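Asker: task: produce atomic coordinates for the following.
(chains A and B)
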Amino acid sequence: MNILKFLVSVTFLIYFSSSDVKAKNLGIEITKNLRCLICQGQSVYDSDSEFANSVKILVEKKLNEGLDEKQIYAYLKNKYGDWILYDPGFSKNTYFLWLLPILMFVFGGAIILKKVILKKKKL
Amino acid sequence: MKTKIFPLFLIFTFSIIFFVFYKGLQNTNIYTPETKSEIKIPNFETKEFFSKDKINSDQIFIGSDYYLLNIWASWCVPCKEEHKYLMDLSKKENIKIIGQNYKDNFDNAKNFLINLDNPYDLIFFDNDGTIAIEWGAYGVPETFLIKNNLIIKKIIGPLNKKLLSEIKELTK
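Answerer: Model prediction:
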């Protein structure tokens, strides 16, 4: 019986400690994907500014409240706009940002293709 | 013909790039995106400054009065600059000034109010700065004008004469 008790407590300990670690890792993951708004060029995770530290605490709090990653991004986006996210979603404000590389790729490809065809014609 | 166009094109491109970067030098490098105003105020629980009683945000912002939420700290130098404007606004009857004491030491904050006078109708604590994030604030000082539980104006940085008259105009 004693052994059973011991085993149960051990499994409990392992279970809770691992979930705690997971939550912490998720917190780090999330703050790495957030832009520090007053020290631009750094993520919230990297920064030690007052703003970033508060965001870190808030993310932990929200994780403890049971919000998932996407809900936290949505929450912060609602407060600060797309700019706080390093990976902004596709919306009417950001479609140009997302489509520009594809447009450039297509345009460049067209130029190369044209040159190649011209060269072939000359040959 | 081709050889003439190319250097011209090059000069043209570089002068445009030079112009853009030169203009960019004079701009402030902090980019604050336009966020939609008229955001609903957040709900939070905190402690009152003097009594240390627990207080909920819906007990602070009641009804259709004008509220001016000011995030301040005793260690914040621009807060001292804008203090006279808050004192000016505190004389207005139809506007209640709420102070949010941001990451501060109680004794320092109290001395700040004793030395410079207290413009606030109510002050609450924000010790870890998370309430400021709930408001969508960047730091101290920051001021929000609130009516009917909606943020109608957000001011990042200290108040000045122009902003003061703007607030007065809005709360007429």
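
Asker: quick check: closest non-adjacent residue to whichever residue of chain A sits closest to chain B.
Answerer: Relative to chain B, the nearest point of chain A is A:Ser54 (3.2 Å; Cβ to the nearest Cβ). Placement of C-beta: from N, CA and C, glycine included. Ranked by Cβ to Cβ, 6 or more residues apart in numbering or on different chains and with sequence neighbours excluded, the top spatial neighbour of A:Ser54 is B:Gly129, at 3.2 Å.

Asker: retrieve the pLDDT associated with the one you found.
Answerer: With respect to pLDDT, B:Gly129 has a value of 91.

Asker: residue contacts, the residue most central in space within chain A?
Answerer: By Cα atoms, centre = their mean, chain A has its centre lying nearest to A:Asn33, at 3.4 Å. Neighbouring residues of A:Asn33 by Cβ atoms under 8 Å, 6 or more residues apart in numbering or on different chains: A:Ser43, A:Tyr73, A:Leu85, A:Tyr86, A:Asp87.

Asker: how close does the first one get to A:Cys36?
Answerer: Spelled out, that is A:Ser43. Here A:Ser43 is placed at a distance of 6 Å from A:Cys36 (Cβ to Cβ, to the nearest Å).

Asker: who touches the helix or strand bottoming out on mean pLDDT in chain B?
Answerer: The helix or strand of chain B with the lowest confidence, counting by mean pLDDT, DSSP states H and E, is strand B:39-40 at a mean of 82. Identification of contacts with strand B:39-40 by Cβ under 8 Å, 6+ apart yields A:Asn78, A:Lys79, B:Gly136, B:Asn149, B:Leu150, B:Ile151.

Asker: domains of chain A?
Answerer: Following automatic domain parsing, chain A resolves into domains at A:2-89, A:90-123.

Asker: buried deepest among these, which one?
Answerer: When you average the neighbours per residue for each of the domains of chain A (mean count of other Cβ atoms under 10 Å in any protein chain shown), domain A:2-89 leads with a mean of 15.

Asker: can you say which helix or strand has B:Leu69 in it?
Answerer: Here B:Leu69 sits within strand B:66-72, counting by DSSP states H and E.

Asker: do A:Ala110 as well
Answerer: Per DSSP H and E, A:Ala110 falls inside helix A:95-122.

Asker: for the residue nearest to B:Leu116 when sequence neighbours are not counted, helix, strand, or coil?
Answerer: Of all residues not flanking B:Leu116 in the chain, B:His83 sits nearest, at 5.2 Å (Cβ to Cβ, 6+ apart). Counting by DSSP: H, G, I helix; E, B strand; the rest coil, the backbone at B:His83 sits in helix.

Asker: surely B:His83 meets B:Tyr120?
Answerer: No. Judged on Cβ atoms under 8 Å, B:His83 makes no contact with B:Tyr120 at a distance of 10.7 Å.

Asker: quick one: the strands in chain B?
Answerer: Under the criterion DSSP state E, chain B contains strands at B:39-40, B:45-47, B:54-56, B:66-72, B:95-102, B:122-126, B:142-147, B:150-156.

Asker: centre of the chain to stretch B:97-112, how far?
Answerer: 16 Å (Cα atoms, centre = their mean, to the nearest Å).

Asker: what about it and chain A, any contact?
Answerer: Yes. Against chain A, stretch B:97-112 shows contacts by Cβ under 8 Å from any Cβ of the partner chain at B:Lys103.

Asker: what is the neighbour count of B:Thr46?
Answerer: For B:Thr46, the count of nearby residues is 18 (other Cβ atoms under 10 Å in any protein chain shown).

Asker: which residue packs closest to it, ignoring adjacent ones?
Answerer: Spatially, and ignoring its direct neighbours in sequence, B:Thr46 is nearest to B:Phe124 (4.6 Å; Cβ to Cβ, 6+ apart).

Asker: give me the pLDDT for that neighbour.
Answerer: 94.

Asker: just the closest residue of chain B to chain A, please.
Answerer: Nearest residue of chain B to chain A (Cβ to the nearest Cβ) works out as B:Gly129 at 3.2 Å.

Asker: ok, that residue touching A:Asn53?
Answerer: Yes. In terms of Cβ under 8 Å, B:Gly129 counts as a neighbour of A:Asn53; the distance is 6.8 Å.

Asker: related to what we said a few turns ago, return the distance of the residue nearest to the centre of chain A relative to A:Gly89.
Answerer: Computed with Cβ to Cβ, the distance linking A:Asn33 and A:Gly89 is 12 Å.

Asker: B:Asp88 now?
Answerer: Distance, B:Asp88 to A:Gly89, by Cβ to Cβ: 43 Å.
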